[in-house]
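> Next comes the sequence, and after it the predicted model I'd like to discuss.
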Amino acid sequence: MTETTAKTVLVTGGNRGIGYAIAQEFKAAGHNVCITYRSGEAPQEFFSVKADVTDSASIDAAFKEIEAEFGPVEVLVANAGITKDMLLLRMKEQDFIDVIDTNLTGAFRVVQRATKGMLKLKRGRIILISSVVGLYGGMGQVNYSSSKAALVGMARSITRELGSRNITANVIAPGFIQTEMTDVLPEETKKQYIETIPAKRFAQPKEVAQVVRWVASDEAAYVSGAVIPVDGGLGMGH
């Protein structure tokens, strides 16, 4: 994986938030960037394909479209995810199932499909976007935390299976990031969150994106099965 050669990069859920910032970062580095999105508008600056990570046929169709245009996916960023927060005793079983199906099984679907092309190429980078709460925990987030924690086991199992094929699998665990979601929080709530972060601020999406780009580079060729926090020290030790 060289920085001077354009690679085919796929970012799932790349039309907003962290996913969009990651797609922008790879495009700025000169790569062929593709995104999938389930709802909302498709960014014009990327090769955008509407797809649903909870539907294997939809994912397969998206990959075929991307492969016809750019060839096999060489860098996969599994970013698509949802939240359905609720305290444990009030959480509906379906809300747990839905979050797991999107965040965990959805990642499995795209990873499994991407590795077919990576094995033929004998190279690849798999990057799973987790969260600090995957290891740190979060009130009202039993479903979300479980889905994000499980990505660690996924990456490490992939590393053991495919590490000898020049394929790496790593986890990025962002903390509080300044996005549309955090922008609408009451100021007092933001202040309370910031007080828990040693860096005393939220991260910018680009700060996560830069780490993702590095993990996909030649410089990180010997990094695999790692969990890399981008959280200002919030979850250290977890």
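Perfect, I can see it now. Note that the structure is predicted; figures quoted are calculated from it, not measured.

> CA atoms of the longest helix belonging to the chain as PDB?
Here the longest helix in the chain is taken by residue count, with DSSP state H as the criterion, and it is helix 142-162. Listed next in PDB are the C-alpha coordinates belonging to helix 142-162 (Å, rounded to 0.1, in the frame of the first residue of the first chain):
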ATOM      1  CA  VAL A 142     -25.900  -1.800  26.300                       C
ATOM      2  CA  ASN A 143     -26.700  -2.500  22.600                       C
ATOM      3  CA  TYR A 144     -24.300   0.000  21.100                       C
ATOM      4  CA  SER A 145     -21.400  -0.800  23.500                       C
ATOM      5  CA  SER A 146     -21.800  -4.500  22.900                       C
ATOM      6  CA  SER A 147     -21.700  -4.000  19.100                       C
ATOM      7  CA  LYS A 148     -18.600  -1.800  19.200                       C
ATOM      8  CA  ALA A 149     -16.700  -4.000  21.700                       C
ATOM      9  CA  ALA A 150     -17.300  -7.000  19.500                       C
ATOM     10  CA  LEU A 151     -15.400  -5.400  16.600                       C
ATOM     11  CA  VAL A 152     -12.200  -5.900  18.600                       C
ATOM     12  CA  GLY A 153     -12.600  -9.600  18.500                       C
ATOM     13  CA  MET A 154     -13.500  -9.400  14.800                       C
ATOM     14  CA  ALA A 155     -10.400  -7.500  13.900                       C
ATOM     15  CA  ARG A 156      -8.100  -9.800  15.900                       C
ATOM     16  CA  SER A 157      -9.600 -13.000  14.500                       C
ATOM     17  CA  ILE A 158      -9.200 -11.600  10.900                       C
ATOM     18  CA  THR A 159      -5.600 -10.700  11.700                       C
ATOM     19  CA  ARG A 160      -4.900 -14.300  12.800                       C
ATOM     20  CA  GLU A 161      -6.700 -15.700   9.700                       C
ATOM     21  CA  LEU A 162      -5.400 -13.300   7.000                       C
END
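
> Which residue ranges of this structure form strands?
For the chain, the strands defined by DSSP state E occupy 8-12, 32-37, 47-50, 75-78, 124-129, 167-174, 227-230.

> What strands line up against the longest one, and which way round?
It stands for strand 167-174. According to DSSP bridges, strand 167-174 has the following sheet partners: strand 124-129 (parallel), strand 227-230 (parallel).

> out of these, deepest packed?
Comparing the strands paired with strand 167-174 by mean neighbour count (mean count of other CB atoms under 10 Å), strand 124-129 ranks first with a mean of 26. The C-beta positions use only the backbone N, C-alpha and C, and glycine is treated the same way.

> how far does that strand sit from the chain's center?
Here the centre of mass of C-alpha atoms in strand 124-129, compared against the chain's by CA atoms, centre = their mean, to the nearest Å, lies 8 Å away.

> For that strand, which outside residues touch it?
Residues outside strand 124-129 that contact it (CB atoms under 8 Å, 6 or more residues apart in numbering): 1, 18-19, 22, 73-79, 81, 107, 111, 114-115, 117-118, 151, 154-155, 158, 162, 165-172, 174, 212, 215-216.

> Any of those buried? List them.
A residue is treated as buried here by neighbour count (16 or more other CB atoms under 10 Å); on that basis the buried members of the contacts of strand 124-129 are 1, 18-19, 22, 73-79, 81, 107, 111, 114-115, 117-118, 151, 154-155, 158, 162, 167-172, 174, 212, 215-216.

> okay, and the helix or strand of this protein with the least pLDDT?
Ranked by mean pLDDT, DSSP states H and E, the weakest helix or strand in the chain is helix 180-183, scoring a mean of 78.
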